[in-house]
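1. take a look and give me a structure for this.
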Amino acid sequence: APIALRIDTLKTATASQQKHLNENQINEANASLNSSLTTMNTTIQALMKDRKLKSSETSPSAKTEKAYGEALAKILDDSYQRGTLDRTYTSQMTYELTVLKSKLAKLKRSTKSKEITEFTTSATENIDTVMKAYASFDTTKP
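-> Predicted coordinates for the structure are as follows:
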């Protein structure tokens, strides 16, 4: 459930910032990330349903994730207001994706389920692709 909540948080952030990203390369990487997060969200929700796991909106982890999402949105919105979103966005999302990757790796190590292993492998590959696109963006350009 915490991974599903984080995927949803990142999906919300990518969708809300899409229209604010000026650099074409970042915009394309963000669109790809949003698509990947949508797929991951659908898959993890199905896995949770199969295992009869519920993501409660009132659980402590849901409340914590909501606050985290609001803080992330504020960071990105503030940098948009300052005109530095493209530079801030790549480093912030690289950090967020690194954290998500570590959560996925931990989940993969903790299970013997073929479905979960396939999900985590696919999700990690998608994240790596987006992180490469972010890494290739030169943040030293004005």
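2. contacts and neighbour counts: CA atoms only from here.
-> Will do.
3. longest helix of the chain?
-> helix 24-50 (DSSP state H).
4. what residues of the helix or strand following that one count as buried?
-> Counting by DSSP states H and E, the element after helix 24-50 in chain order, helix or strand, is helix 60-82. For helix 60-82, the neighbour count (16 or more other CA atoms under 10 Å) marks S61, A62, E65, K66, G69, L72, A73, L76, D77, S79, Y80 as buried.
5. can you name every helix or strand that the helix or strand just after helix 60-82 contacts?
-> Remark: after helix 60-82, the chain's next helix or strand is helix 85-109, criterion DSSP H and E. Using 3 or more CA pairs under 8 Å, 6 or more residues apart in numbering; DSSP states H and E as the contact test, the elements touching helix 85-109 are helix 2-17, helix 60-82, helix 114-136.
6. and helix 85-109 with helix 60-82, angle?
-> 160 degrees (axes from the mean of the first three to the mean of the last three CA atoms, to 10 degrees).
7. just how off-centre is helix 85-109 within its chain?
-> Centroid displacement of helix 85-109 relative to its chain, using CA atoms, centre = their mean, to the nearest Å, is 7 Å.
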